[in-house]
Every structure is written in structure tokens, then in C-alpha cells.
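J.: okay, predicted coordinates and the sequence, questions at the end:
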Amino acid sequence: MNITSFKHSNKLHWCIAISSCDNNLDLETEIKSYLSINYTPEIIYLLRPHNEIQYEVIKERIPNFENIKIIECVYLENGLIINLDENDLIAEEIYFKISNSICSHFLVKYDSILKAGLESYFLLPSEVYATHFIRIGNIFKESQDINILSIFLLPYFKNNAEIIYSDTPTIFPLIYSCILYKNISTSVVYNPRIKLYSSSNVTRDDIENIDNSLFIVSTSINGSLPNKLNTLGIDWSKIVVLFGFDKSKHHNYSIMNKQNSLEILGNEFVSKRPDEFKKAFPNRTFEIKFGDEQFIPSPPIVSKFKIILKDAPDNLSDLMFNYLAYDFVSCYKGQNSLGKTRDIYIDVSKLFIDINGKKLNHFEKKTKNLIINQLPINIKSIIYVDDAESKYIADKIQEYYQDAHSKTVESVFYKNLKLDDTFAEPSCYLVCSSCISNGKKISDVSRKLRTQEHSQIIYFNGFVRCIDEKAYSNLMSNIKYGKYNDFSTYSFITIDKILLPNEDSDSISWEFEKDLIKTLLFGFDDFETKSIMTSETKEYFEKRYNELNDNKDGLINNVYLNKSNGNRLVLNKNFAFFKFTNWKPEEIQQSKVYFSILSVLHNFRIKKNIKQTIFERHIFDPENFNRYNDGIIQASFLRAATNKELNYEIDINSSSLMATIIIGSIDENTNKDTAPYEFLMAICIGKLTLHKNDLISIYEKFKDFPDNIIEILLKIIHSKFLI
């Protein structure tokens, strides 16, 4: 037996549904138990099987039941429900109220609706991504509940289909229950075949007797599976969905019970193709597959982390002290060996340029020392591996080598290198690379030089940026490995090294910013900004788009959005991660600030072994933005942190604090060194995520703000996240 309640015509109704499996039912005790946690109804529908014994409710034994109207109903073998008082079918509106009440009750009772976390999504068997999954098998645990549910499926069995197809075996008990009901009062036994079809790859060849079959879909969020079945030639009249959550008002297929997800869980179900889902939910990156041991994760543990001085790499301050005067770092420039735009571009050739008559800097001293003390006199070729910077270094070493040994040696691009595979007199090859990250190109050179097993090979690397020490060690051991397996055969020399994340333009902020501004400038209707954008704002974004689109020289002092007065963000004195002080704010390029903050964050992740998993999240403590309150440092955090580290939607307190920081940044935009444009841009491109209520508070406070750029960015936020 099950008791559910619903509102109709401003009155509270109960439905007491009795199953044919309910034996020795103590009806009054069940009613009293339900009444203890629910309001007293005004009308009760007492629903029982046809030809079963009658159940009498003695109102006097139940508190507050004296004036309750009880309408006795029975359900027949065909699923029709009769009002015995009127000896007629119950009203259609009441039928659907009862059906929805009972079906919703079972979904909630058996915890059948699984919700993915804020950073997760379900990969459904139909190969779409979804925010929820209906685990329909949870419902079919008790025979009396299955019998009650079958009442509402029975009307769709009216044509006695020869084959009943189901998308999951978990609903077979419901189908068998319907068949049993149909055979209760008939001399001709109805015995259809029940077959399983695949929701993900069913084809027309998998279906037999298509004209006399019934196709049952267990659940549907957007109607994709019923539509797929119809494209295979199945008539709409032969398709029935048990639980439908589609928001559309009209359906060609039948639905046993249509649910409103807002009424059940307070939020809507979303099911989309992968590309559409990723656009709608860029922060949902953890995939939940149905084959995983952990089918559904518990809410993740959220840890907040703060950055302190000790988190900086040991060599960062010395590195900046030695090369502060050189334009060797730029952002969003060039491509790496994987074809990805580099987040950080290190141009070692700039370290050879004479500045203020200073002939030898730190880098040149180390390079010359190498040539004088470690390079042999029998170098046959200097091989450069890729770009113009590598050739520049090769030419410089060629020049230094000639000065040191009075000997000329050729400089050649590795793809043009011609080798004699026969044994010759042992010689030496010097392989030059300006900056390497994964070592793919010098590995290509290494393979080409394997035929020269009697020769010495020295790998000279100006700058190495690996993801961690293990990656650097593996790179060295692979390159140094040769004929003599017990020890290093070849030499691997690095002038300077820094640990940084893998380069990937699919995740760096400037790529998303460029796409957003392109849409803003050339697709106004998408964000409804055409009517409010001033000519000055349009000029501001056009200039920014051109800087991002033409990245020949990369971003150096235009790494971040300019302030409202047109000035760039600058680093104030006493920067925590620089141990030296003999510099002026205007001397520190923005690219070097980003480089420094990125290395600090990455070094922290390595030391603390930070790993984002479906069970644990690490978010960037909002207090960092208060501790390091220079606008350029805040902007660097926003650009250098990952979107998972800036996902404050998963921690409501952090989201509220972050909203307060952003509001303060906008309020103080004209008076202090803040970066409100960077905060809002980070939200616009999905890098920083806040709880919806906090986004609303920011939008409502500043939607009429006199700064047109802020107004435009808020309009984008409203269009993308608040509508």
C-alpha cells in the first residue's frame, strides 16, 4: 500500500493505492502513521484492485477524520480506474493527478534520481551528457509497488503487441506485472515476447515485426531516444516513455508519467550532445561512466589553499634578478611541438643582446664557460632543432667557439643534416635548443643521430621548462641514453630551468578572451550589447582583439586588460616574490609578472601534490586576493590559476567572499589599483565561477554602472549565466 498527497482545486487530496499483493492490510494503522507527518486531507481516493475485498475506513478511530470525504475507486485489468460512487471513470484531470502523485512518490522514495556534482556530468548510454540520471531499477524492489505502477502502464497494452521491446531489463518486472493483470479475467492467454534493445546503437536490423510491437523507453529527458526510434520507421503510437522529463508541451510519443524536475528537486535536468553541453557547462569536466566502480560520487571534499613566500621556486628571484632588463618572456605567442599556442614564450636569443654597454650577462657567462671548459675541439656540426631562436644560439655558439678555438664549424638545421652511416673517425655534434618543454624535437634529433654511435653528442639547452623534476629527469635520461647502458653516453647541458604547467591553448585565458571579444564585436545579437556599447568601448575592445589576434610578438605589456583610464596595470614596489629591490614599477613587464605568479602556483601544486579528483577539490582561497591586493597580481592569479581552482560555485562561503572582493574591486576602480575588468572577464570566459545568487548580486548592484566596459561585461554575464 502507498499513500500520497496532491493539491487540486485548492484542496488537499490523498490517494491510498492498495496492491493486489497487500495481504492482511492494517489500513487504519497505515493512515495514522502517514497522518503523523502530513496534513489532514479533505478528500481521499481509496484505490484498490477490481474484485478484491473491500477495505473500510472507520473515521471515528482516526483523529480529525470525521469530515473527510472518501471516494472509493477500483482499477481494472485494462488500467481504467472506476469511481464506484458514480459508477463511471474518474475524471481525466484527477487520473493524471493521481498518476503523477504516485509516480513521483516512487522516484523520491527509492532515491532514483542521481545528480552529478557541480563539476561532473553523466555520460549516458545514448552518448549524450546530462546533469542527472534516472536509475529506474531502484524503483522495482517491492512487488506491491510494481503492481501499483503497472496500473498506469496497462492502458498502453491495449493492442496486445506480439513483441514488447525495452531499453533496459530493469523494467521487465513492470512489464510482467502488466501481463499478469491482463490475463486475470480472460480465457485467451496474452503471452508476448519481451526483448531488449540497445539505446545507444539500435538499428532497423535489430527489430522484427515492427508493425506489431510495443517499444518502451524507461526514461527520457529530452526525447532523443523516442525520436531515434521513430527515425528507424517505428510509428509514434507504438512508443511509450515511462518517465518523461522533457519540458516541451507536445509529444508525438506517449508518456506514462510526465515529471517536472523543478517540483521534484528544485532544478531542471539538462541532457545535450557533448559539444552543446560543454558550451553550457564549461566547468563540468569530470565524467561519470556507468562502468565505473564508483557509480555516483559523494559530494567532494573542498580544500582551500593560500600562497605564501615559501611557495616560490628557489631560483625564481635569482632568475628575475639576472634577466630583469631583458625582454625574454612574452605570453600567448608561437606554437609548441604539439601545435598548441604557448602560454609562456621564452626567447633566449634576447639574452645575448647588449644592454647599456654590458657585454656579458649571467646567461652569456654561463654559455661561454661551457664552450671554453666543456666543449671538445673536434665539434663537427652545431645542429639547431627548430626556430629562429635556436639558430640564433647556434650562430652565437659558433662565434664563441671560433674565438675560443680558432676553428670554424658548420651550423645546420637538423632536418637538413646529412650523415654518413658508415664508420668514420669519431667526432662531436652539438645540438642546440633555445627552450624545450616536452623534448619532442630534440628526441627527433636524437633518433637521427643514433647511427653516429662512435661520436660524442652534446645537447645544449638554453632554457628548459618541464612540468616537474621527474619529467626533466626522464627527458635527460632518455636523451643521454646510448651505447653504454650502464651510464650516460651523451651530455645534456641546461643553462637555466623553470618548472611550469604543460602548454595548452585549449585552457589558457587569452584564447577564450579572444573568442569572446570576437563574438562581442562581430556578433552583437548574441549578447544584446549593440544598443549600449559606446564608440569608446568599441574602440577599446577592437584594440584588445587586434592585440590577441596578431600574436607575432606575443603579449608583453598588454598581458592584461587596461584600466578604465587607459593605463596598464603595473607592479608596485616590494613584490613579495622578488628578494631584490633595485627596480622601478614601470621596469617590470607584465609578462614577467605572469611568468612569476604562474611558476609560484605551479611550484605550490607540485610541493603539496595538488590533484583535482572527483572526490576532492582544491580551490584558490579568496583570501589570496586580499593578501596580494595589487591589481596586476590579482589579474595574474586569475590568468594563471585553473578553472577548477577558481570554481567557487562548489563552496558557497568562498563564493560569497569572492563576490565581496569583486564588488570592492569595481567600487574602487577609479581610485585604487584594482582589476575589475579582469575579474569580470574571468567570469565571462568561464575561468572564475560563482554561485548564481552571488552573480545576481553583482549584476544588480552594477548593471547601471557609469563605466560602459563594466556594463558590457555584466551584460555578457547576464546573458550567459543568469537567463
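T.: Cool, the structure landed. Just so it is clear, the model here is predicted, and its values are computed rather than measured. Numbers count the residues shown, from 1 in each chain.

J.: what's the pLDDT at residue 52?
T.: In this prediction, residue 52 carries a pLDDT score of 68.

J.: with the one 3 residues further on instead?
T.: With respect to pLDDT, residue 55 has a value of 79.

J.: tell me the secondary structure for the closest residue to residue 603 other than its chain neighbours?
T.: Closest residue to residue 603 in three dimensions, ignoring its sequence neighbours and counting by Cβ to Cβ, 6 or more residues apart in numbering: residue 313, at 4.7 Å. All C-beta spots, glycine's among them, are computed from the backbone N, C-alpha and C. Under DSSP: H, G, I helix; E, B strand; the rest coil, residue 313 falls in the coil class.

J.: so residue 313 makes contact with residue 600?
T.: Yes - Residue 313 sits in contact with residue 600 when judged by Cβ atoms under 8 Å, with a separation of 7.2 Å.

J.: phi, psi of the residue nearest to residue 603?
T.: Here the main-chain torsion angles of residue 313 (degrees, to the nearest 10) amount to phi -60, psi 150.

J.: and what of residue 248?
T.: As for residue 248, its main-chain torsions (degrees, to the nearest 10) stand at phi -60, psi 140.

J.: and what of the one 10 residues further on?
T.: The phi/psi pair for residue 258 (degrees, to the nearest 10) reads phi -100, psi 130.

J.: so what's it up against?
T.: Residue 258 is in contact with 100, 244, 245, 246, counting by Cβ atoms under 8 Å, 6 or more residues apart in numbering.

J.: could you do residue 351 as well?
T.: Applying Cβ under 8 Å, 6+ apart to residue 351 gives the contacts 323, 326, 328, 361, 363, 364, 462.

J.: about what we covered before: what about the contacts of residue 258, which are in helices?
T.: residue 100 (DSSP state H).

J.: from the contacts of residue 258, which one has the minimum pLDDT?
T.: When these are compared by pLDDT, residue 246 scores lowest at 78.

J.: name the nearest residue to that residue, ignoring sequence neighbours.
T.: Closest residue to residue 246 in three dimensions, ignoring its sequence neighbours and counting by Cβ to Cβ, 6+ apart: residue 223, at 4.9 Å.

J.: same question for residue 510.
T.: residue 332 (4.3 Å).

J.: one step back: any chance of the contacts of residue 351 in a markdown table, plus secondary structure and pLDDT?
T.: Putting these into a markdown table (DSSP: H, G, I helix; E, B strand; the rest coil; pLDDT from 0 to 100) gives the following:
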| residue | secondary structure | pLDDT |
| --- | --- | --- |
| 323 | helix | 89 |
| 326 | coil | 89 |
| 328 | coil | 91 |
| 361 | coil | 75 |
| 363 | helix | 83 |
| 364 | helix | 82 |
| 462 | strand | 86 |
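
J.: any idea which of those residues has the most stuff around it?
T.: Neighbour counts for the contacts of residue 351 (other Cβ atoms under 10 Å) peak at residue 462, which has 28 neighbours.

J.: is it true that that residue touches residue 496?
T.: Yes - under the criterion of Cβ under 8 Å, residue 462 is in contact with residue 496, at a separation of 7.3 Å.

J.: overlap in contacts of these two?
T.: By Cβ under 8 Å, 6+ apart, residue 462 and residue 496 have these common neighbours: residue 363.

J.: list just the nearest of the contacts of residue 351 to residue 549.
T.: Residue 549 lies nearest to residue 328 out of the contacts of residue 351, by Cβ to Cβ, at 23.6 Å.

J.: OK, contacts around that closest one?
T.: When the contact criterion is Cβ under 8 Å, 6+ apart, the partners of residue 328 are 346, 347, 348, 350, 351.

J.: repeat that with 6 Å
T.: Contacts for residue 328 (Cβ atoms under 6 Å, 6 or more residues apart in numbering) come out as 347, 350, 351.

J.: counting contacts, what elements does the host helix or strand of residue 15 pack onto?
T.: Residue 15 is part of strand 11-17 when elements are defined by DSSP states H and E. Where contact means 3 or more Cβ pairs under 6 Å, 6 or more residues apart in numbering; DSSP states H and E, strand 11-17 is packed against strand 2-8, strand 43-49, helix 92-109.

J.: just so I have it, where are all the helices in the stretch 351-500 of the chain?
T.: Assigned helices in the stretch 351-500 of the chain, in chain order: 362-373, 388-405, 440-448, 469-480 (criterion: DSSP state H, counting those that start in this stretch).

J.: show me what the longest one is packed against.
T.: In other words, helix 388-405. Applying 3+ Cβ pairs under 6 Å, 6+ apart, one finds that helix 388-405 makes contact with helix 362-373, strand 379-384, strand 410-413, strand 428-436.

J.: walk me through the domains of the chain.
T.: 1-90, 110-297, 346-499, 506-722 (automatic domain parsing).

J.: what ranges does the stretch 501-650 of the chain have for its helices?
T.: Along the stretch 501-650 of the chain, the segments classed as helices by DSSP H, counting those that start in this stretch run 509-522, 524-527, 535-549, 590-607, 623-627, 631-640.

J.: let me fix that, I meant to ask about the stretch 51-200 of the chain.
T.: Listed in chain order, the helices of the stretch 51-200 of the chain (DSSP H, counting those that start in this stretch) span residues 92-109, 143-153, 172-182.

J.: which of those helices sits closest to residue 438?
T.: The closest approach between residue 438 and any of the helices of the stretch 51-200 of the chain, judged by Cβ to Cβ, belongs to helix 92-109 at 49.6 Å.

J.: need the helices of the stretch 501-650 of the chain in TSV with mean neighbour count, distance to residue 453 and mean pLDDT, can you?
T.: Written out in TSV, the entries for the helices of the stretch 501-650 of the chain read as follows (neighbours: other Cβ atoms under 10 Å; distance: least, Cβ to Cβ, whole Å; pLDDT from 0 to 100):
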stretch	mean neighbour count	distance to residue 453	mean pLDDT
helix 509-522	18	44	91
helix 524-527	14	61	54
helix 535-549	15	48	93
helix 590-607	22	36	95
helix 623-627	16	53	95
helix 631-640	25	44	96
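
J.: for those helices, which one sits closest to residue 80?
T.: Ranking the helices of the stretch 501-650 of the chain by proximity to residue 80 (Cβ to Cβ) places helix 524-527 first, at 51.4 Å.

J.: in TSV, list the contacts of residue 328 along with distance to residue 138.
T.: Below are the contacts of residue 328 laid out as TSV (distance: Cβ to Cβ, whole Å):
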residue	distance to residue 138
347	60
350	64
351	65
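
J.: from residue 214, how far out is residue 241?
T.: Residue 241 sits 12 Å away from residue 214 when distances are taken as Cβ to Cβ, to the nearest Å.
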